[in-house]
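>>> got a sequence here, can you model it:
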Amino acid sequence: MAKHEQIWKQFLFTLSDEVFFNVIRNYLGPFPTPYNKHDLIEKLVLFLQNPENRQMITGSISSEEMELISAINLLHSDDVNSIISFFGNTVNPGRLYSRLLNLKDRLIIFRHPENAELRINPYLSDELKQKGLGTQNLFPSKPARLSYRVLPWLNDTLFHAVLPLILENPSMLKADGSFKKAVYTRFEHMIPALFPESPQGTYSRFERFFLSLSILGFIRKQGQEVRGEISRWKEWGELSISERHVYYWASYIMSLQKQDHSLLEPGDESLFLIQQELKTAGEFLFRSLGKFSPGRAYSRETAARIIHLELDGSKLNYSARLMIRLMEDLDLLIPDQNELTVNPVLEELFISGDEDEQGPGVVIQSDYHITMQPRGSFIHRSAVAAASRLTQYDMVSRFELSKESLFRAMSAGYTGEEIREGLENLSGHHLPQNVIFSIESWVGEYLSIQIRPGYLIQSSESSSAIIEHVCDSREDVLNLGGGNFLFPMHNLDWVDLLEENGIRVAQLLDKIESDEGPFFPPPEPLHLDTLTGSGRQKSQRTHSSGERDEEITLSGGEPEITEEKKEALREFVRNMGLSEDAEKELILRVDNNLIFRKEQIDPKIIRPDITEARGLNYNSKLRLIEMALGDHDLLEFFSSGNEIPMLIRPGRIIKKPGRGSDLLEGKLLPSQQDTVIPISKAKLIRRLKGSLFNRL
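Purely as a prediction, here's the structure:
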């Protein structure tokens, strides 16, 4: 505590003389000269250490102000835009900025002197906690009324259904890179989940899904064909079920970075950049979902605040509201009447985490029809799906095994051994004899004549002997004689094997692959805890899942400085016989809770200032803008036809010939969008500054 109090004192030393003395005069009254800043600060500290004064300051705080103070305490932000964005569309930006200025005038908040973060006055922290300081009033929720369950559509089952469709007919694209009409028709018939009635955004879910596939490396565009990257499907099986699904959803979100719906080319630089952010997006998603307590319903405004917090700490350039729309589209957040609740299926999905559930993942009949459950090894399910033809997509999908489909899978990169192993493992080794016989026969027929894509390695006599010894038991390595060996392209584990035995091939292979386009690095584990683990912590950024059932309200209630007390102070000012301007300023300070006792009322504390210019007085508006530019103040700009004023950070006045033709150039807040506004169009310009402090 002593450290924080010292920081607050340092903050006072950073103030300009004008502002410093405004603060001292308001709370301590006029002071004699000569003065010593250290002594004045210690007197102000004594003022704040008086329990009655602290109670008077905090007693004037309303529930809306406490919500804002709690947000400041949570965010520790140096950027006012971040605070405005946190509250979204629920507040007027100009009004919120004015409230922040007022809280600073009342000594409730201050700027950290080193990092400029907005902080809570440490001398008032105990009273603020008693008033309800905390996150409970920022993230209210109530029991969810959700009466149905839905599995997010972007899941393992969908990926396994799509794989055979891609292998079956890779010629999917027109010359311009868009999908053929027949492709839309075929996929809509087989997988209607990719064609919802109300697609999100400009492009359809189908197109975004295929962009996701290319981002994840599952497919590659080759001319007008879409090829399945089988090595990538095999790598993906090394991830847990939680990691895979988080990556699926993250890739769908990252697909928004592509401005059109054409698939990414292998050499497309944007593909590399998107992949760099994929892990960041995945971890953001998981953290965000972990902030929603299961079984609780949140307003959209509250949900946006939760998402904003996680976005604020990431490098993702998305708005909270866009993220919520995407999470709804992915069925991660479910509409619960006018509110949102986290999909209860997610907790089960992440808690299970284990794909080796009881019961067979596949049932295959003697007529070669396959029923595939959403369980079992991802790698095995991929091999079985690739070797089959999709006949029905559902939670329990149906396939049909045939010679043609098995040939397609082997041509794409699966071996007969992998396909049979997948079927045996998933079926619990209950394969019909005729199916076993057919698979062996078909595999033998396929291998009788082969075109083997691969890497041809030519070696010296000494190296040849080592390669023969190391790879003697490998069926996928062909010894062509004369020191020539053909190694597979789809499974590169032989590279490490040769390197370990002194055969240097990695650098040569890297050079070949760099000429072919970007290399897809293996998917990184996300090291996710379950939603009931660290992702569901009761941190300062969320609320406990054990809240009471009612909507949360502040424990402090409404301000303790009643309207009767304020009116008594106003009447005292009116009876002092002051000038109109002095009386107006003192009453304004009473209204703004800067004066809360008669001892503070003294006309000598007043700082005359112009804060508004309105109507047809063009020169006064111009002068007000010039003062705002000099003091770095923000402006509220009211124009005809717009009910909500614009909040502007002024940049400069652009002089134009002719009276009343000048322009104001600046940035709109919180969007930071550049703007140029004719000054004459303003019916009112308000300079946002406090009675004591010029700015935040």
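>>> and stretch 114-125, which residues are buried?
Buried residues in stretch 114-125, counted by 16 or more other C-beta atoms under 10 Å: 118-125. Using the backbone N, CA and C atoms, a C-beta is placed for each residue, glycine as well.
>>> for the helix or strand containing M323, list every residue counted as buried.
Mapping M323 onto the secondary structure by DSSP states H and E places it in helix 320-329. Residues of helix 320-329 classed as buried: 320-321, 323-324, 326-329 (neighbour count, 16+ other C-beta under 10 Å).
>>> format those residues as JSON lines; extra columns: pLDDT and distance to D78.
Formatted as JSON lines, the buried residues of helix 320-329 follow (pLDDT from 0 to 100; distance: C-beta to C-beta, whole Å):
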{"residue": "A320", "pLDDT": "88", "distance to D78": "19"}
{"residue": "R321", "pLDDT": "88", "distance to D78": "23"}
{"residue": "M323", "pLDDT": "92", "distance to D78": "23"}
{"residue": "I324", "pLDDT": "93", "distance to D78": "26"}
{"residue": "L326", "pLDDT": "92", "distance to D78": "29"}
{"residue": "M327", "pLDDT": "93", "distance to D78": "28"}
{"residue": "E328", "pLDDT": "92", "distance to D78": "32"}
{"residue": "D329", "pLDDT": "92", "distance to D78": "34"}
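>>> L15: which of these is nearest?
Nearest to L15 out of those is A320 (C-beta to C-beta; 34.3 Å).
>>> spit out the contact partners of the closest one.
85, 88, 304-305, 307-308, 311 (C-beta atoms under 8 Å, 6 or more residues apart in numbering).
>>> quick revisit: so which of the buried residues of stretch 114-125 belong to helices?
Among those, the members found in helices (DSSP state H) are S125.
>>> what is the nearest of the buried residues of helix 320-329 to D79?
A320 (15.2 Å).
>>> in JSON lines, list the buried residues of stretch 114-125 along with distance to E42 and pLDDT.
Shown next, in JSON lines, are these (distance: C-beta to C-beta, whole Å; pLDDT from 0 to 100):
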{"residue": "L118", "distance to E42": "24", "pLDDT": "93"}
{"residue": "R119", "distance to E42": "20", "pLDDT": "94"}
{"residue": "I120", "distance to E42": "21", "pLDDT": "95"}
{"residue": "N121", "distance to E42": "16", "pLDDT": "95"}
{"residue": "P122", "distance to E42": "15", "pLDDT": "95"}
{"residue": "Y123", "distance to E42": "13", "pLDDT": "94"}
{"residue": "L124", "distance to E42": "17", "pLDDT": "94"}
{"residue": "S125", "distance to E42": "20", "pLDDT": "92"}
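>>> can you name the two of the buried residues of stretch 114-125 that are farthest apart?
Maximum distance among the buried residues of stretch 114-125 (C-beta to C-beta): 16.1 Å, for L118 and Y123.
>>> now the nearest residue to E418 once chain neighbours are set aside, what's its secondary structure?
Spatial nearest neighbour of E418, chain neighbours left out: A383 (4.9 Å); criterion: C-beta to C-beta, 6 or more residues apart in numbering. At A383 the chain is in helix, as set by DSSP: H, G, I helix; E, B strand; the rest coil.
>>> residue contacts, A383?
409, 414, 418-419, 421-422.
>>> same list (those) but as JSON lines, adding distance to S460, neighbour count and pLDDT.
What follows is the contacts of A383, written out as JSON lines (distance: C-beta to C-beta, whole Å; neighbours: other C-beta atoms under 10 Å; pLDDT from 0 to 100):
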{"residue": "A409", "distance to S460": "37", "neighbour count": "27", "pLDDT": "96"}
{"residue": "Y414", "distance to S460": "34", "neighbour count": "23", "pLDDT": "94"}
{"residue": "E418", "distance to S460": "33", "neighbour count": "22", "pLDDT": "95"}
{"residue": "I419", "distance to S460": "37", "neighbour count": "24", "pLDDT": "96"}
{"residue": "E421", "distance to S460": "37", "neighbour count": "16", "pLDDT": "95"}
{"residue": "G422", "distance to S460": "40", "neighbour count": "24", "pLDDT": "95"}
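>>> so which of those sit within helices?
Those of the contacts of A383 lying in helices (DSSP H): 409, 418-419, 421-422.
>>> just the closest of those to S299, please.
Using C-beta to C-beta, the ones in helices among the contacts of A383 come closest to S299 at G422, 46.6 Å.
>>> show me what whichever strand or helix holds L647 is packed against.
Using DSSP H and E, L647 sits in strand 646-654. Strand 646-654 makes packing contacts with helix 93-105, helix 618-631, strand 634-639, strand 663-668, strand 673-678 when contacts are defined by 3 or more C-beta pairs under 8 Å, 6 or more residues apart in numbering; DSSP states H and E.
>>> return the helix or strand in this structure with minimum mean pLDDT.
helix 506-516 (a mean of 61; mean pLDDT, DSSP states H and E).
>>> so where's the chain uncertain?
1, 147, 198-203, 258-262, 264-273, 351-359, 510-523, 526-561, 607-608 (pLDDT under 70).
>>> tell me which residue is most central in this structure.
L311 (4.0 Å; C-alpha atoms, centre = their mean).
>>> any idea how this structure splits into domains?
Structurally, the chain divides into domains by automatic domain parsing as follows: 2-140, 156-352, 362-448, 454-516, 563-593, 612-688.
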